[in-house]
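# Requesting a structural model of the entry that follows:
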Amino acid sequence: MNNKFKRFNLSKAIIPNSFTAFNALSGFFSIVFASNGDIKTAAILIFIAGIFDAIDGLMARLVGTSSRFGVELDSLSDIVSFGAAPAFLIYKSYFYQFDWGGIILSSAVLIFGAFRLARFNVQVEDLTQKQDFRGLPIPMSAITVALFTYSFYSPETKTITDPHSYFAIPLVILVSILMISNVKYSKLPSLYTKSIKERILVLASVILGLLIVFLTGGVALFYIFLSVVLFGIFKHTVLMFSGSDE
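Numbers count the residues shown, from 1 in each chain. Here you go, the predicted model:
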């Protein structure tokens, strides 16, 4: 028997797996809306998929279940919501102008995301004890691309506006390469194991962040995610030159 995962329990697993299914459904809806030209809604749906993805992990810990089935289902859902959906979104919002070049560039988000998930699946041991991620997590990559599109796409011109459009290609290349890199990214703050004081601090930060996002029409959220992406590179560079393996 594999001791790395608890025995699969359908009655317990149905709770987190339901949120995983909603994750996949949100990704599919994103593709549908993007194909109909509703780019903004498609981008929002990828963000919603990210929320479901975070909740399913929390639910798995709360009900005390983790299984190979859950890992595989989560990855299959992720490849839809955070691989195919953002790839199609960025293609429909901007890269369609570059014919086959645009198709290839868009597909990088999907292909490199698949490699990222495959590497995670063969390396994962205990999901409840995972302290950091090797390579940019695919949800972070997808949501960053989705927020970029949501913030700077113009329904009137049916493309990403200048000068932000100049950063579309570098952004896609950056997140794609980071997904298969050795750059480490920490887990997002969790309320599950923190003290009351730490929970209050995290909740206050979340509320403040949501207020800033509301006041800036969502643009600030893109810069927050971009800052996290870039900070990972900065931290990796500092540790590399300091000779630390942590």
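
# S77 against N17, yeah?
No - S77 is not in contact with N17 according to Cβ atoms under 8 Å; the separation is 9.4 Å. Placement of C-beta: from N, CA and C, glycine included.

# if you count what's nearby, which of those two comes out ahead?
S77 (25 against 21; other Cβ atoms under 10 Å).

# how much space is there between V238 and G232?
11 Å (Cβ to Cβ, to the nearest Å).

# swap in K40?
28 Å.

# When those two are compared, which one has more neighbours?
G232 (21 against 16).

# confidence score at K184?
K184 carries a pLDDT value of 86.

# For burial, what's the neighbour tally of it?
K184: 16 neighbours (other Cβ under 10 Å).

# again with L208
So L208, with other Cβ under 10 Å, has 10 neighbours.

# Now do the SS call for it.
helix (DSSP: H, G, I helix; E, B strand; the rest coil).

# where do the helices sit along this protein?
With DSSP state H as the criterion, the chain has helices at 10-35, 39-63, 68-78, 85-93, 99-123, 138-152, 168-179, 196-215, 219-242.

# Deepest-packed of these, please.
Ranked by mean neighbour count, the helices of the chain are led by helix 85-93 with a mean of 27 (mean count of other Cβ atoms under 10 Å).

# Distance check, the spatially most central residue of the chain against R116.
Nearest to the geometric centre of the chain sits P139, at 1.2 Å (Cα atoms, centre = their mean). Distance, P139 to R116, by Cβ to Cβ: 10 Å.

# F225 too?
In terms of Cβ to Cβ, F225 sits 17 Å off from R116.

# A34 too?
Distance, A34 to R116, using Cβ to Cβ: 22 Å.

# who touches I90 in this structure?
I90 is in contact with L105, S106, V109, V145, T149, A168, V172, counting by Cβ atoms under 8 Å, 6 or more residues apart in numbering.

# For the third one, which non-adjacent residue is spatially closest?
It stands for V109. Distances taken as Cβ to Cβ, 6 or more residues apart in numbering put A87 closest to V109, at 4.3 Å, once the chain neighbours are dropped.

# What about D38, how many residues nearby?
D38, neighbours per other Cβ under 10 Å, totals 16.

# Look at it and report its pLDDT.
The model's pLDDT for D38 equals 95.

# measure it to F82 for me?
19 Å.

# Okay, now the unreliable bits of the protein?
1-13, 60-67, 124-132, 188-203, 205-206, 209-210, 213-214, 243-246 (pLDDT under 70).

# picking that back up, farthest pair within the contacts of I90?
With distances taken as Cβ to Cβ, the most widely separated pair in these is L105 and T149, at 13.8 Å.

# A42 and A87 touch, don't they?
No - the pair A42 / A87 is not scored as a contact, 11.7 Å apart, by Cβ under 8 Å.

# what number of residues lie near the residue lying closest to F152 once chain neighbours are set aside?
Nearest residue to F152 in three dimensions, chain neighbours excluded: H164, at 3.9 Å (Cβ to Cβ, 6+ apart). Close neighbours of H164, defined as other Cβ under 10 Å, add up to 17.
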